[in-house]
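Trainee: below: sequence and its predicted model.
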Amino acid sequence: MGKYSLKSTLLFGLLVSLLGCEMEQDVPIPAHEPRLSLRLSLINLTPDTLLYISTRESQLFVGRSQGVLEDSEELLAIPDAQVELFDEAGQLVEIYTHTGKSYFGGGSYYWSDSTGNYSPGAYHYPPAPGFYEATKGFVPAPGARYTIRASAPGYKPIEATTTVPLEAAVSGVAFDGQRGEYGWEIQGNIRLTIHDKAGEQNYYRVRIYPVDSTYSRAGFSEARTVEDDINFDRDEKLRLGEVFSDESYTSGAIGFSSKISVTPEAFEYNNNNNNNNNNGNQKQGRKAKYLEVQVEQLSKEEYLFNKTLEAQWLTEDNPFAEYAQVYSNVSGGYGVLSGVTVSKFYVPLE
Amino acid sequence: MLCLLLLCLGSAAFGQRHTVSGYVRDAQTGENLIGAAVFDTRSGQGTTTNSYGFYSLSFSSADSAFIVASYIGYQRVSHAVKLTGDVQHDYLLRASTSLATVEVVAAKEEKIQETTRMSTVSVPIEQLKAVPALLGEVDVIKTLQLLPGVQSGTEGASGMYVRGGGPDQNLILMDGAPVYNGTHLFGFFSVFNADALNHIELVKGGFPARYGGRLSSVLDISMKEGNMKEFHGEGSIGLIASKLTLEGPIKKDTASFIISARRTYLDALARPFMDKEKGVVGYFFHDFNAKLNYRITSKDRLYLSGYTGLDKFHSRLESTYSYGSEEGYRDEKAGLDWGNNMLSLRWNRILNNRLFLNTTATYSRYQFDISIHNESGNTYNGEQTHRTNTSLLYLSNIRDFSLKTDFDYLPNPNHYIRFGTQATQHQFRPGAVQYTDEVGDDALSDLNIGSKKTALESAVYMEDDVRLTDKLKVNAGLRLNSFFVDGESYLSLEPRVAARYLLNGQLALKASYAKTSQFIHLLTNSGIGLPTDLWVPATKIVQPQRASQVAIGAAQTLLGGQYEVSVEGYYKTMKGIIEYKEGADFTSTTSSNWETKVAAGKGWAYGAEFFLQKKVGNTSGWVGYTLSWADRQFAELNYGEKFPYRYDRRHDISVVLFHKLPRNWNFSSTWVYGTGNAVTLSESRYAIGNYGMVDNYSSRNDYRMRAYHRLDLGFSKTKEKRWGQVVNTISVYNAYSRQNPFYMYYGRGRDSNKNTYRQVALFPIIPSFSKSFKF
């Protein structure tokens, strides 16, 4: 009897252990009231297609939230929002209209027509509900404070305020580029010094684009930082395109130095041929002559949004990491309105 | 100075004439009995043995005494003494055969209502071994988790969370040396091999001044000393591990040894079924304990004890190919290792009949490392044409050297004075990276980062357990801690006081206050428990942890001492505790950047603990219930708002039952219930265009996993053999196969295909069998 009981127990245990240990759990998450979300950086540059192509934060997006257990992602963009920008005096300075086109990412490919004018390839911005464009061409002023208000049928209105930072003081911009072994890229160290104002917290980002002899950026890829070594302390290195703060710099001078790689030839396609096969239409690209070094001074909102969003991406599905909440300064909704002031410098490519 | 003055004045001030002192030991093994009661039936004076089995009783006027020495689970020994001068006498107690009389609760034969100490629990090793265990592996810490005020972390884990404190706030001492990671196999088993242990005591609050360096608890574990009389062994064979312990005299009644080893063998069992070209993975852990014990003179004794333990995960994938004259190979290896090493040298000396000295020198080291090594190459017509070699090692460790001197001074039965000093040199290396990348003979990368940091921690303390009246007894003490690191120094003056007031012979009211400080931190992720937690020091930027704890309670014996019941309430405040900032994790944390990845904050813990225990009879056991709250607040987390600690557990219940059946059968069971762990969940999502979707999380730890409950059962039968004893044990873990949550994730439902949260449970019902033997 004892032996049979033991066997039965063991078999029963084995059977149960094979059933798996995963189950759905009902979590009493409160019903979510959808709210509007927006993302926009006010940049001291003309809001045109070229800006939208190279800086994704420059083109307004309006979306909405939904409960985590709901399942309708296609509805997350809002195409019928009314969005307006006001200055500190309450004057309307910009109105945004829905176009449903996203330009970001199309910056590497340009079409040229017979007259030599360049325009981004249309196939790179498929319909993208939720994207808006500025209608007045308003250029935000450094040091000024702005408020954006958005409303849409069925949603509570939202608003956010930011101050566009002052221009960064920069000196000593230099590049020691050399053509790589195969000739299709140029590598070198970019160096510059940012004169950081004492007694305040400042935030920066550096971006670099190749430009031709007319200082035209069209068709050139953004320069990127070259990682020499496997990287374990991401926080301590300054990289192109990544935000950083002056927290670790007490001397008043931030030395930005980064090994970068640049593709000196623009990717262009001949617009006179309507053949959709890009390879067949690629024409001889223009050559870059300079680097356009953009030193951006950022508002705190832009810095926090980027850092927390990066943290959320990095920690997604990572059992070693803490969860990361993404920063928002939108009252009544989600997302961020931030300010960016760009200073441009040009150095010879080679 | 104060101590010297006290020593000089001691005898004169207290006016004692004669002293009876010595050791209380196990008659069969010669092991010292810790916490044994020694009392004079004529005067009613009594004391308990210290951590080395030493006692001292002083008499002011009596001419004779009738002394009884007793220890739970042992037969009493009595002895008439003529007090014509100081007497040195060792008591040898014989073990009782009845397990049913084994006691779990505090302070051994000193009744729970009589001692000033509160929030203190001792667990006899025999009781520990009788508790049903996961996969048959007896586990010290899992047994302690069954006591009120001590909480487990996640399913199956051996972490301890005492009164709302963190896992780093427990000072785990093995023969006086700190153990920094007390777990094997990601926390499922503790590193303490029960066969090698003599005594376990857990202090949750009301810390005497002799303990310092941690905020929440002290787990003081003493290894066996080795049988002084004759050679013995014991061991067991289980489903996942086997162990063997041998002990005996090197020179009878003078020197002894004990060695104990344990190893898992899942890797060895699985190895024949693996193909190296498809990948070989394996895991094992092992422990090795050893101790030498040398009685130099009747007044001097030397102990040398050591421990080494290792967990090792390893994987290897080897492949080759051949294409015409070209041949190639690839060899990929990865490993995750962690373990403790500990060495302790102790010298006991009886300076005089009232003064006992213990000097301890210890070494302790904990390290984990992650290694990846990839090598590939090819040959053409036998000549090598290409070779790459990439190697990555990430490691973190902490190493201590410590010297400690403790005095026990017993001028008369109304005073038990302890004083001493300690100095510890810590060395931290929280995250070092060594990386090489070679192609052919050319080194593409050779990276070596991660510096060591040393710190000096020292302390001096004094305490007196003083009987003020027949009803009022107080333990008052003071501890001064200091910590020097990077040119920065921290001081902490810590008053400690505990008192009991006897209302009648059976009921006592108790209260305690303790201020504590902790100069080291553990960087730990709030997700699953892994050995990858990093030990770091307080620095100029990161402050030490500090806490104050107040406890009040009552303790009573019932039905002639068959039952003991205690109720305690506590309130603890903590500051300087650290956590990773949002988005931070250990994988990018190094010795140079960890300070930027942590947030410092405050904590509160309060609650009530109820403990009812039946100590004697065929049926024994206990019921523990804890009602508690634990909160945290960090300026940089949760928008600065207060939030529940991950292991904030409103209700925690443990029921433990032992029953002696006929024909040498024993039955044991445990049932536990705990409020679900607090978790942070995404409540909603929103789109922001080219950036994709963003998760919007709840307030930190705003949700709860399902409640945890589990029933474990154990049956054992003891068979007496000519050569010794065999115990066959069948245990069933999670008898009704409750799917207790281990972690949660967001995903699609299996059947509904809708978004949902899913929980993963680890252990369904797990029966196991083990056979242990003793000779």
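Mentor: Looks like it arrived, so ask away.

Trainee: rest of the way, CA atoms for contacts and neighbours
Mentor: Will do.

Trainee: next, the contact list for the closest residue to residue B:61 other than its chain neighbours, please.
Mentor: The shortest distance from residue B:61 to any non-neighbouring residue, by Cα to Cα, 6 or more residues apart in numbering or on different chains, is to residue B:17 (7.0 Å). By Cα atoms under 8 Å, 6 or more residues apart in numbering or on different chains, residue B:17 lies in contact with B:58-61, B:85.

Trainee: three-state assignment of the residue in the stretch 201-350 of chain B positioned nearest to chain A?
Mentor: Residue nearest to chain A within the stretch 201-350 of chain B: residue B:239 (12.7 Å; Cα to the nearest Cα). What DSSP: H, G, I helix; E, B strand; the rest coil gives for residue B:239 is coil.

Trainee: isn't it right next to residue B:768, touching?
Mentor: Yes: at 6.7 Å, residue B:239 and residue B:768 qualify as touching, with contact defined as Cα atoms under 8 Å.

Trainee: compare those two (neighbour count), which wins?
Mentor: Comparing residue B:239 with residue B:768 by other Cα atoms under 10 Å in any protein chain shown, the one with more neighbours is residue B:768, at 22 against 16.

Trainee: per-residue confidence at the residue of the stretch 201-350 of chain B closest to chain A?
Mentor: Note on residue B:239: pLDDT of 80.

Trainee: distance of it relative to residue B:183?
Mentor: To residue B:183, residue B:239 is 19 Å away according to Cα to Cα, to the nearest Å.

Trainee: and for residue A:212?
Mentor: 63 Å.

Trainee: what about these two, which has more around it?
Mentor: Comparing residue A:212 with residue B:183 by other Cα under 10 Å, the one with more neighbours is residue B:183, at 25 against 21.

Trainee: remind me what the helix or strand that contains residue A:161 packs against, helices and strands.
Mentor: Taking DSSP states H and E as the definition, residue A:161 sits inside strand A:158-163. On a contact count with 3 or more Cα pairs under 8 Å, 6 or more residues apart in numbering or on different chains; DSSP states H and E, strand A:158-163 meets strand A:145-151, strand A:334-348.

Trainee: end-to-end on stretch B:219-233?
Mentor: Using Cα to Cα, one end of stretch B:219-233 lies 26 Å from the other.

Trainee: distance from that stretch to the middle of the chain?
Mentor: Relative to the mean C-alpha coordinate of its chain, stretch B:219-233 is positioned 19 Å out (Cα atoms, centre = their mean, to the nearest Å).

Trainee: pick the one among the contacts of residue B:17 closest to residue B:597.
Mentor: Residue B:597 lies nearest to residue B:58 out of the contacts of residue B:17, by Cα to Cα, at 56.8 Å.

Trainee: okay, and that closest one sits in which element?
Mentor: Taking DSSP H and E as the definition, one finds residue B:58 inside strand B:54-59.

Trainee: rewinding a little: quickly list what's touching both of residue B:239 and residue B:768.
Mentor: With contacts taken as Cα under 8 Å, 6+ apart, the residues that reach both residue B:239 and residue B:768 are B:135-136.

Trainee: what are the phi and psi values at residue B:196?
Mentor: phi -100, psi 10 (degrees, to the nearest 10).

Trainee: equivalent analysis for residue B:270, please.
Mentor: phi -90, psi -20.

Trainee: OK, contacts around it?
Mentor: Per Cα under 8 Å, 6+ apart, neighbours of residue B:270: residue B:282.

Trainee: how close does it sit to residue B:291?
Mentor: 33 Å.

Trainee: need the contact list for residue 340.
Mentor: By default, I'm working from chain A. Neighbours of residue A:340 in contact, by Cα under 8 Å, 6+ apart: A:41-44, A:164-165, A:296-299, A:302.

Trainee: ah, no, chain B please
Mentor: Residue B:340 makes contact with B:179-181, B:307-310, B:364-367, according to Cα under 8 Å, 6+ apart.

Trainee: same check on residue B:731?
Mentor: B:132-136, B:712-715, B:767-769.

Trainee: that one sits in which helix or strand?
Mentor: Per DSSP H and E, residue B:731 falls inside strand B:725-733.

Trainee: show me how far that strand is from its chain's centre.
Mentor: Chain-centre distance of strand B:725-733: 25 Å, with Cα atoms, centre = their mean.

Trainee: buried residues in it, which are they?
Mentor: For strand B:725-733, a neighbour-count test (16 or more other Cα atoms under 10 Å in any protein chain shown) marks B:726-733 as buried.

Trainee: nearest to residue A:207 among those?
Mentor: Using Cα to Cα, the buried residues of strand B:725-733 come closest to residue A:207 at residue B:733, 59.2 Å.

Trainee: confirm for me that that closest one is in contact with residue B:715.
Mentor: No: contact status for residue B:733 versus residue B:715: not in contact, 11.9 Å apart, counting by Cα under 8 Å.

Trainee: which residues of the stretch 251-400 of chain B fall in helices?
Mentor: Counting by DSSP state H, counting those that start in this stretch, the stretch 251-400 of chain B has these helices, from start to end: B:266-270.

Trainee: where in the chain is pLDDT low?
Mentor: Here I'm looking at chain A. Applying pLDDT under 70 to chain A flags the ranges A:1-25, A:72-75, A:105-128, A:181-183, A:228-237, A:268-285, A:317-321.

Trainee: please go with chain B instead
Mentor: B:1-16, B:97-117, B:156-158, B:186, B:443-446, B:525-532, B:584-591, B:748-753.

Trainee: which residues touch the spatially most central residue of it?
Mentor: Centroid check for chain B by Cα atoms, centre = their mean gives residue B:172 as the closest residue, at 4.4 Å. Contacts of residue B:172 were listed using Cα under 8 Å, 6+ apart, and they are B:178-180, B:182, B:218-221.

Trainee: for residue B:281, name its beta-bridge partners.
Mentor: With DSSP bridges as the criterion, residue B:281 is bridged to residue B:315.

Trainee: so what's it up against?
Mentor: B:267, B:313-316 are the contacts of residue B:281 under Cα under 8 Å, 6+ apart.

Trainee: just to revisit the earlier point, could the helices and strands packed on strand A:158-163 go into JSON lines alongside distance to residue B:440?
Mentor: Below are the helices and strands packed on strand A:158-163 laid out as JSON lines (distance: least, Cα to Cα, whole Å):
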{"stretch": "strand A:145-151", "distance to residue B:440": "59"}
{"stretch": "strand A:334-348", "distance to residue B:440": "37"}
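
Trainee: ranking these by burial, who's on top?
Mentor: Of the helices and strands packed on strand A:158-163, the one with the most neighbours on average (mean count of other Cα atoms under 10 Å in any protein chain shown) is strand A:334-348, at a mean of 23.

Trainee: partners of that one, with directions?
Mentor: strand A:36-43 (parallel), strand A:290-298 (antiparallel).

Trainee: partners of the closest residue to residue B:308 other than its chain neighbours in the sheet?
Mentor: Nearest residue to residue B:308, sequence neighbours excluded (Cα to Cα, 6+ apart): residue B:341, at 4.4 Å. Note on residue B:341: beta-bridge partners by DSSP bridges are residue B:308, residue B:365.

Trainee: if I look at the residue lying closest to residue A:157 once chain neighbours are set aside, how far off is chain B?
Mentor: Distance criterion Cα to Cα, 6+ apart; nearest residue to residue A:157, sequence neighbours excluded, is residue A:151 at 4.3 Å. Using Cα to the nearest Cα, to the nearest Å, residue A:151 is found at 16 Å from chain B.

Trainee: hmm, residue A:151 is touching residue A:79, no?
Mentor: No: using Cα under 8 Å, residue A:151 makes no contact with residue A:79, being 11.1 Å away.

Trainee: ranges for the helices of the chain?
Mentor: Using chain A here. Here chain A has its helices, by DSSP state H, at A:2-17, A:49-54, A:278-281, A:300-315.

Trainee: not quite, I wanted chain B
Mentor: Going by DSSP H, chain B shows helices at B:2-14, B:125-130, B:140-144, B:266-270.

Trainee: and the second one, what does it pack onto?
Mentor: The reference is to helix B:125-130. When contacts are defined as 3+ Cα pairs under 8 Å, 6+ apart, helix B:125-130 sits against strand B:197-203.

Trainee: what about the strand it packs on, distance to the chain center?
Mentor: With Cα atoms, centre = their mean, you get 9 Å for strand B:197-203.
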